[in-house]
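Colleague: take this sequence and fold it.
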Amino acid sequence: MSNDINLKPGHGRAGRQPTAESLARQRLSGHDDPGMFGRMFPDLPPLEVEDGPLIELANAMRDANPASPDGNIADGTRVIVPAGFTYLGQFVDHDITLDMTSIGDKIADPDGIENFRTPALDLDAIYGLGPDGSRQLYARNPEAGGGKTPGPKFLIGKTINVGFGGVTGNHRNDLPRNPEGFALIGDHRNDENLVVAQTHLAFLKFHNAICDQIPGSGTAPEKVFSEARRIVSWHYQWMVLHDFVERLTEPGIVARILERGRKFYRFKKLPYMPVEFSAAAFRFGHSMVRERYSHNRIFTGTNAATLKDLFDFTGLSGEIIGDLAPVPSPGRLPQPVLPSNWIIDWRRYFDFGPGVNPADVPLNPARKIDPFLIPQLFGLPGETDPNRASLAFRNLKRGVLLKLPSGQSVAGAMGIRDPLTPDEIASGADGAVARRHGLHQKTPLWYYILKEAAIRGRGERLGPVGATIVAEVLIGLVHGDRESYLWRRGVNWRPELPAKTPGTFTMTDLLRLVGDISPIDGIGRLP
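Modeller: Residues are numbered from 1 along each chain as shown. From the prediction side, this is the model:
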């Protein structure tokens, strides 16, 4: 067991990490230990590839035209997948794993992979251990114990006004922070880039809004908290399965899997984390990252936020450093807390519909799900070795080290009726590199899933292998959670909170309920 536990925590290395050796001791792992990793296809042979071909293939995955609209998930001017789903996917990933590998500038070494948390969509990344076990996350309860005990609601941080952009007023639109700028949140990785940090903040406010709706007269704070957490978690689970999974796989896939059962992600009692999902299929979001984002009315157009900006204005990856920041700051950074001119305008990341997303408020599309990553992801900071600075190489290398099977082997085991042909994989300049090394016939699983999305899903959705793995695992994680809506109420439960379409619940419904659409524009609740 000592080989499975890293007792020297650090970014990308803390906690439990699977290795090829530990996985070899398991068949379908995680039956008795929800912290274990396992394999969906334990009988398939691993794909062995030397570093040379992996390096060449990774280099061929660099997007040569990262600003081209042809690479967007859009149909002309109509955005099909808004960019907010890129970072909602990262938020979900942090909720189900302690994976220190993320789309930021701190990526885990390829011989280490996700450090597991609870295998459930239960939002422990925001709730921590609750008001008793994670008191630092919660506001004081003024109605009990003279304000000496935490109540059911989360702390919310304040921003600071700076000169650029002319933002005035008091805004509670930052994560709560300690005196040196570290975010007081259940998962520090959610302060790694600004969009996932603002997503985390939206969920904090979502919980607080639900607490306000629960009758307070005579209701114990712990009961308010537990009921709010149930409501929030169930609507979040529904949203992930129906607004996220079905948007990026295919409509109706959730109902079909729930009716027919999961064929490949199966467990006896407790869910486990399959490496085919964590090290390959769910890394499709890396290809959706943009170079630049219209972030709000200040940072848009020629002044749009770069990916680097999104990391700079955080406490984990950037220069939000609390009392360590000079006052006043000699430049835009460092700052003690988030400057108010960087508060997100959610209309630029999610589609609220006509009238809410006007023509002068551009909606960021995600980049296509395909084998191409933006150049910034090939030059991650902190590495002198250009190969180790490449996210594409790290993902490919990690698959080899974890002895993942080829995409063709997985497609065969699934009985996919129309798997990619060698010629399809060999298409394009990247495919020519794959052909040169025989990887068009035996293809790394992560690359296969991206290529499959590009060819079978037109870059807008995952293909059959990727879609099945992602959908079955996320459905299984909800199905195996005894506190989830599927366990407690079954497949016929429907969301009960107000929504644009009653009986459903989407990320835009959540943001409408929070009432914080674009604070610096004075846009709160929407009809």
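Colleague: which residues in the stretch 351-500 of the chain form strands?
Modeller: For the stretch 351-500 of the chain, applying DSSP state E, counting those that start in this stretch gives no strands.
Colleague: same thing with the chain?
Modeller: Taking DSSP state E, the strands of the chain run over residues 5-6, 15-16, 37-38, 74-75, 78-79, 138-140, 150-154, 273-274, 292-293, 305-306.
Colleague: can you check which of these gets nearest to Ser484?
Modeller: strand 273-274 (16.6 Å; CB to CB). For glycine as for every other residue, the C-beta is placed from the backbone atoms N, C-alpha and C.
Colleague: any idea how far that closest one is from the chain center?
Modeller: On the basis of CA atoms, centre = their mean, to the nearest Å, strand 273-274 sits 16 Å off its chain's mean C-alpha point.
Colleague: what's the span of stretch 451-468 from first residue to last?
Modeller: 15 Å (CA to CA, to the nearest Å).
Colleague: what's the spacing between the most centrally placed residue in the chain and Ala429?
Modeller: By CA atoms, centre = their mean, the chain has its centre lying nearest to Gln90, at 1.1 Å. Counting by CB to CB, to the nearest Å, the separation of Gln90 from Ala429 is 28 Å.
Colleague: same deal with Ser518?
Modeller: Taken as CB to CB, the span from Ser518 to Ala429 is 41 Å.
Colleague: Ser233 now?
Modeller: Distance from Ser233 to Ala429, by CB to CB: 45 Å.
Colleague: have a look at these two and say which one is more surrounded.
Modeller: Taking other CB atoms under 10 Å, Ser233 and Ala429 do not tie; Ser233 has more neighbours (23 against 10).
Colleague: pretty sure that one is in contact with Ala120, am I right?
Modeller: No. Counting by CB atoms under 8 Å, Ala120 is not a contact partner of Ser233; they are 9.0 Å apart.
Colleague: helices of the stretch 101-250 of the chain, start to end?
Modeller: Using DSSP state H, counting those that start in this stretch, the helices of the stretch 101-250 of the chain run over residues 124-127, 130-133, 194-213, 221-239, 246-248.
Colleague: surely Ile461 and Thr249 touch.
Modeller: Residue 461: Arg, not Ile. Yes. Using CB under 8 Å, Arg461 is in contact with Thr249, at 6.1 Å.
Colleague: spatially nearest residue to His295 (excluding sequence neighbours)?
Modeller: Take His295 and drop its neighbours on the chain: the residue closest to it by CB to CB, 6 or more residues apart in numbering is Ala305, 4.0 Å away.
Colleague: OK, contacts around that neighbour?
Modeller: Leu194, Arg292, Tyr293, Ser294, His295, Phe299 (CB atoms under 8 Å, 6 or more residues apart in numbering).
Colleague: local confidence estimate at it?
Modeller: On the pLDDT scale, Ala305 is placed at 98.
Colleague: from Ser294, how far off is it?
Modeller: Ala305 is 8 Å from Ser294, by CB to CB.
Colleague: Pro371 too?
Modeller: 26 Å.
Colleague: more neighbours, those two?
Modeller: Each of Pro371 and Ser294 has its neighbours counted (other CB under 10 Å); Pro371 has more, 27 against 21.
Colleague: just checking, the more buried one touches Tyr447?
Modeller: Yes. Look at Pro371 against Tyr447 with CB under 8 Å: they come within range, at 6.1 Å.
Colleague: now do the shared contacts for the two.
Modeller: Shared contacts of Pro371 and Tyr447, defined by CB under 8 Å, 6+ apart, comprise Met61.
Colleague: shared neighbours of Ser233 and Ala120, anything?
Modeller: With CB under 8 Å, 6+ apart as the test, Ser233 and Ala120 both reach Glu483, Ser484.
Colleague: about what we covered before: and the helices of the stretch 101-250 of the chain: which comes nearest Pro375?
Modeller: Pro375 lies closest to helix 194-213 among the helices of the stretch 101-250 of the chain, at 19.2 Å (CB to CB).
Colleague: tell me the pLDDT of Pro358.
Modeller: Looking at Pro358, the pLDDT reads 88.
Colleague: next, count neighbours for it.
Modeller: A total of 9 residues lie near Pro358 under the criterion other CB under 10 Å.
Colleague: which residues does it contact?
Modeller: Counting by CB under 8 Å, 6+ apart, there are no residues that Pro358 touches.
Colleague: so where's this protein uncertain?
Modeller: The chain contains residues with pLDDT under 70 at 1-35, 98-118, 144-146, 216-218, 525-527.
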